[in-house]
Every structure is written in structure tokens, then in C-alpha cells.
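Asker: when you get a sec, could you give me coordinates for this:
(one chain, ligands or ions: 2)
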Amino acid sequence: MDEPVLLTGAGGRVGQAVLEGLADEYEWQLLLHSPPDEEPDHEYRIGDVTDEEIVAEAMDGVGAVIHLAGDPRPSAPWPSVLSNNIDGTEKMYEAAVEAGVEKFVFASSNHAVGAYETDERTPEMYREGDDYRLDGTEFPRPGNHYGVSKAAGEVLGRYYHDEHGISVCNVRIGNLTRGHPPIDYERGQAMWLSYPDCARIHRCALEADYDFEIVYGISDNDRKYYSLERAKEALGYDPQDNSAEWDADEHVADYER
Ligand SMILES: NC(=O)C1=CN([C@@H]2O[C@H](COP(=O)(O)OP(=O)(O)OC[C@H]3O[C@@H](n4cnc5c(N)ncnc54)[C@H](O)[C@@H]3O)[C@@H](O)[C@H]2O)C=CC1
Ligand SMILES: O=C1O[C@H](COP(=O)(O)O)[C@@H](O)[C@H](O)[C@H]1O
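Answerer: Ligands and ions are numbered 1, 2, ... in the order given. Predicted coordinates:
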């Protein structure tokens, strides 16, 4: 893969997890929304992903894109996701194919398929031993406008892959938390993505050869309702963390100390 890698949303949580794990492995070109408090260790630009000029400049000479920028709130209102998530992603793809970028990794979400979590299936599907699995071949089924915007981002990738040949990997990210899984939140524990595993799956998405993929980005949790098979098979993802290996009581004690 040619470098540098353009990372949008680099100042956010997922961006920090990616950079903490992979800072030294790639040449990075960061796109930040606003000026950073501290000078980054990498080349960067400030701008909005809906700004065609900024995006075209940022894309110049880039080999791959990890596109994280957007409104991450499950409660985000339609005008925000329409602009930041859908229009921003379209602008990013348009500039990427114009610049001849090889590979585009898109931060999709569990919320693209949130409505599979029906009253009949929950909370059992969040528990160890329940064998219900989504595997990425299912039709999107969002439960909010944010999820709609993530499903739209995946479909934009399908279009730009089919029409322009760019390799596309949609990572349906679960629940990223630093250091430990969410506490007292079964759903969050089932879809936990640790910071190191977040870096791992993005490394795999940069290194693997693929056409168009939809994979789930979670750790290897004992509780899970997302299959990791496609991420393992298509990307070679080998997650190392598991929410079951954290003792919440022990953690709370540590946290409060
Ligand atoms: N954190 C999580 O557990 C999950 C995150 N995701 C997705 O991962 C991506 C990153 O999420 P987080 O890091 O958690 O959010 P975050 O809010 O910490 O980071 C997002 C970054 O994108 C920037 N941004 C927002 N709109 C922008 C725009 N129009 N132009 C340029 N930059 C813009 C923000 O300033 C921020 O730095 C999002 O697309 C989110 O939907 C998906 C599933 C789970
Ligand atoms: O897509 C996202 O999902 C995570 C997990 O969803 P939640 O409903 O369990 O909070 C969320 O924390 C994150 O902000 C969002 O971008």
C-alpha cells in the first residue's frame, strides 16, 4: 500500500486509538476539525470533510484513507448526520477516486444494524451462550438517523467500489472504550472494542487485499452477537481482548481509588 494514510476525525476517540497503536507504522496525514491543543507528531490539516477544496488538498498523494470524521452520536439530528456523515463521506469518496487512492476504510457502526435488537431477542442476544449472530451479509436495519447515515456511508462505498474500483472496507465498530469494557451494560460488553483491538483491525484493513467488505469491529468477547468470521477471513484480524476477562467489581474498585 502506498503511503501516506489520510486519517479524518484524527482528534476523536477512534482516531486516538488508531494513532496510539499505529503511529510509528505508517506515514500519516491527519485531518482535524479544529486546531489541536498540542502540536501533533504528524502532518496535519484543519478542515471540514464537507469542504471539497480542503478534502481534495488532503487527498493529494495519499495511498489509503481511514475515514472516521462525522457526528458519532446515536441521537444526532438529521441535519447533522446529513451534512457531517453522509455529505462528508460522499465528498471524501469523490476526492479519493479523483486522486487515485487505492483503499478506503470507513467507520461504520453497530447502529447501522441496531434494529435487529428486537424486544424478542433482547437481552438474551447480549449474553454468552446465545448463538444469534449478525455477520455483515444482512441488510442494514438502523434504529435511528445516525444509523441511517452509517448505512448510507456503506452504500456510498458500494457505489464507489463498483463504479471506480476503489477497495472499500466498512468496519461496523461496536463500543470503543479505553482500558476496560463498559460497566453494567450488557450490550456494550457484547460489542466492546478495546483500544488495542481497534488499532489491530485498522492495521488489517490497511494491509489486506479486498474488493468490498463489511466487517464487525469488536474484540473477541465471550458475549457477542456480531460474528468476527469475516474480519478474520477477509482481513486476517486477530483480536486479543475479551470483555469477559474484566472483573467489573475489581475495576470499579481500581477506578475509585
Ligand atoms: N466510538 C465508538 O464506539 C464508535 C464510533 N463510530 C464511528 O467512528 C467515528 C469516530 O467516532 P469517535 O472517535 O467516537 O467520535 P469523536 O467525536 O470522538 O471523533 C469524531 C471526530 O470527527 C470530527 N468531525 C466531526 N464532523 C466533522 C466534519 N464535518 N469535518 C471534519 N471533522 C469532523 C470531530 O471534530 C471529532 O474530532 C465516527 O464516524 C463514529 O460514527 C462507530 C461506532 C462506534
Ligand atoms: O456508533 C456508535 O456506537 C457506540 C455504541 O453505541 P451505544 O448506543 O451503546 O452507546 C457509541 O458509544 C458511539 O458514540 C457511536 O458513535
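
Asker: so what's the residue of the chain found nearest ligand 1 closest to, chain neighbours aside?
Answerer: For the chain and ligand 1, the shortest gap (CB to the nearest ligand atom) falls at G12, measuring 1.9 Å. From N, CA and C alone the C-beta is placed, and that goes for glycine too. Taking CB to CB, 6 or more residues apart in numbering, and ignoring the residues beside it in sequence, G12 has L68 as its nearest neighbour in space, at 6.3 Å.

Asker: what's around the one you found, how many residues?
Answerer: One way to gauge burial is a neighbour count; for L68, by other CB atoms under 10 Å, it gives 25.

Asker: make residue 1 into 213 and carry on from there
Answerer: That works, and once the first residue is 213, the last one we named lands at L280.

Asker: that one reaches G227, doesn't it?
Answerer: Yes: with contacts counted by CB atoms under 8 Å, L280 reaches G227, the gap being 5.4 Å.

Asker: now do the helices in the protein.
Answerer: Taking DSSP state H as the criterion, the chain contains helices spanning 225-234, 264-271, 290-292, 300-311, 357-376, 398-402, 407-419, 441-442, 460-468.

Asker: now render the ones you listed as a markdown table, adding mean pLDDT, distance to D453 and mean neighbour count.
Answerer: Converted to a markdown table, the helices of the chain look like this (pLDDT from 0 to 100; distance: least, CB to CB, whole Å; neighbours: other CB atoms under 10 Å):
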| stretch | mean pLDDT | distance to D453 | mean neighbour count |
| --- | --- | --- | --- |
| helix 225-234 | 98 | 12 | 20 |
| helix 264-271 | 98 | 32 | 17 |
| helix 290-292 | 98 | 31 | 13 |
| helix 300-311 | 98 | 28 | 21 |
| helix 357-376 | 98 | 23 | 20 |
| helix 398-402 | 98 | 12 | 22 |
| helix 407-419 | 98 | 5 | 23 |
| helix 441-442 | 98 | 18 | 16 |
| helix 460-468 | 52 | 14 | 11 |
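
Asker: export the ones you listed as CSV, with columns for distance to F318.
Answerer: Shown next, in CSV, are the helices of the chain (distance: least, CB to CB, whole Å):
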stretch, distance to F318
helix 225-234, 12
helix 264-271, 15
helix 290-292, 18
helix 300-311, 7
helix 357-376, 5
helix 398-402, 22
helix 407-419, 9
helix 441-442, 15
helix 460-468, 32
